[in-house]
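how would this look folded up:
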Amino acid sequence: MNKDDNFLYRVTYAAAFGSYVNTERETIGDLDIAFRLEPKGEGEDFKKRCDLKSDECRSSNWFLYKTWPREEVLRYLKNKSGYISLHSYDQDIEAVESGEKLVLFTSLIVSNNN
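Here you go, the predicted model:
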């Protein structure tokens, strides 16, 4: 997905946390994954690309329509699984950092605009 230009956001960080990585628990609930996304562009050109991407959204929900470029990535990651719970790292940092975690992916993005 990070290399696919059809997606307008890239994953820069993903880590499993919660019951999946807690070795003291006998049962596993859902698979909690913390993530960070980063836009693959900026400025007016990126805004235009987001507007075009939003036109692909088939929902009548205005908020979903406006956030579709980001939501599309999250839906791809979740893959319609009822067992995967996605958590924005920046919004759920306390939950992610309070226990064990298993870093699945981290990426250092180097800008080509140097």
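
Let me see the contact set for the nearest residue to Lys66 once chain neighbours are set aside.
Leaving aside its sequence neighbours, Lys66 sits nearest to Ser54 (Cβ to Cβ, 6 or more residues apart in numbering; 6.3 Å). (Glycine included, C-beta is placed from N, CA and C.) By Cβ atoms under 8 Å, 6 or more residues apart in numbering, the residues touching Ser54 are 65-66, 68-69.

go on, Ser59?
65, 68 are the contacts of Ser59 under Cβ under 8 Å, 6+ apart.

Am I right that Glu44 falls within a helix?
Yes. Under DSSP: H, G, I helix; E, B strand; the rest coil, Glu44 sits within a helix.

Now for it, how many residues are close by?
Residues lying near Glu44 (other Cβ atoms under 10 Å) number 8.

How much space separates it from Leu74?
25 Å (Cβ to Cβ, to the nearest Å).

State the mean pLDDT of the host helix or strand of Ala14.
Element membership of Ala14 [criterion: DSSP states H and E] is strand 9-17. Mean per-residue pLDDT for strand 9-17: 95.

Just the buried residues of that strand, please?
Across strand 9-17, burial judged by 16 or more other Cβ atoms under 10 Å covers 9-17.

Closest one of the residues you listed to Tyr89?
Using Cβ to Cβ, Tyr13 is the member of the buried residues of strand 9-17 that sits closest to Tyr89, with 6.0 Å.

Just give the closest residue to that closest one, not the sequence neighbours.
Nearest to Tyr13 is Arg36, by Cβ to Cβ, 6+ apart, at 4.0 Å.
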